[in-house]
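*Asks:* Give me a model of this one.
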Amino acid sequence: MLAAIAILLFLVLSGIAGLHAYWAFGGLWPCDDEETLVRTVVGTKHRSAMPPVWLTLVVVVLLFAAALLPLSVTPVFAGLLPPILGHGGLAGLAAIFVARGLLAFTTAFHQRHGTEPFVTLDRRIYGPLCLVIGAGYLTLLVLVCPILARRSGWGRRRPIAGLAHETTDFIRVFASDWRSCGCHIAFIKAS
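*Replies:* A predicted model of the protein is given here:
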């Protein structure tokens, strides 16, 4: 399942990066002219031309880097990045894509990016796609970061009386292994 999610994220984001590269070099699909393309994919008011080529190419590079990151946590490419970079990158990209996906449903975002058909496409396609991509990164992070749960014994059935001991073990393991997992989540023991 890990490899399938990583490959799917790679394909989707590589496709999006390729589409941005196509636009950077003057492509107009899915529209017929540049002004309509700007209203469809950029959506910024008072803009009739696409962003500069260099800026679009920066977006291409960032999208392709985001596409490659999931592959680095698969068994085939494991070890290419230190775990803290790989897992931190997954967490960061999950947050970025989820935030962008949620922005699609806010009024403030569409007051700035308020041209049609961008607003409609953002709510129907761009925003939900970002949420799915963010969920994919989050799922990968959970799948590649099970060391804490495994070493602490979480996931095994135990009597409720052992919960305090299990929680203490989890916090101890979390404190000693946070660097190897790359997860930075604080757990507070209830009194």
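*Asks:* For the chain, give me the ranges with low pLDDT.
*Replies:* Residue ranges of the chain with pLDDT under 70: 146-191.
*Asks:* and with 80 instead?
*Replies:* Counting by pLDDT under 80, the chain contains low-confidence residues at 112-114, 145-191.
*Asks:* Now residue 143: which helix or strand?
*Replies:* helix 127-144 (DSSP states H and E).
*Asks:* Name the nearest residue to residue 96, sequence neighbours excluded.
*Replies:* In space, and not counting its chain neighbours, residue 96 is closest to residue 134: 7.5 Å by Cβ to Cβ, 6 or more residues apart in numbering. The way it works is simple: take the backbone N, C-alpha and C, and place the C-beta from them, glycine included.
*Asks:* repeat for residue 93
*Replies:* Per Cβ to Cβ, 6+ apart, closest to residue 93 is residue 137, 4.8 Å.
*Asks:* now the one you found: how far from residue 25?
*Replies:* Residue 137 is 29 Å from residue 25, where distance means Cβ to Cβ, to the nearest Å.
*Asks:* These two: who's more crowded?
*Replies:* Set side by side, residue 137 and residue 25 show more neighbours around residue 137, with 25 against 9, by other Cβ atoms under 10 Å.
*Asks:* isn't residue 97 right next to residue 128, touching?
*Replies:* No. Residue 97 lies out of contact with residue 128 (Cβ atoms under 8 Å); the separation is 11.1 Å.
*Asks:* Between these two, tell me which one has more neighbours.
*Replies:* Neighbours per residue, other Cβ under 10 Å: of residue 97 and residue 128, the larger number sits with residue 97, 23 against 14.
*Asks:* I'd like to know how far the more buried one sits from residue 109.
*Replies:* For residue 97, the distance to residue 109 - Cβ to Cβ - is 15 Å.
*Asks:* Then residue 122?
*Replies:* Counting by Cβ to Cβ - residue 122 and residue 109 are separated by 8 Å.
*Asks:* cool, and residue 19?
*Replies:* In terms of Cβ to Cβ, residue 19 sits 21 Å off from residue 109.
*Asks:* What of residue 45?
*Replies:* 12 Å.
*Asks:* quick one: which of the two has more around it?
*Replies:* residue 109 (17 against 12).
*Asks:* which residue packs closest to that one, ignoring adjacent ones?
*Replies:* Counting by Cβ to Cβ, 6+ apart, the residue nearest residue 109 is residue 103, at 4.4 Å.
*Asks:* And the next helix or strand past whichever helix in the chain runs longest?
*Replies:* For the chain, the longest helix by residue count, based on DSSP state H, is helix 2-24. Using DSSP H and E, the helix or strand that follows helix 2-24 in sequence is helix 34-37.
*Asks:* So for that next one, what gets flagged as buried?
*Replies:* residue 37 (16 or more other Cβ atoms under 10 Å).
*Asks:* again with stretch 86-102
*Replies:* 86, 87, 88, 89, 90, 91, 93, 94, 97, 98, 100, 101.
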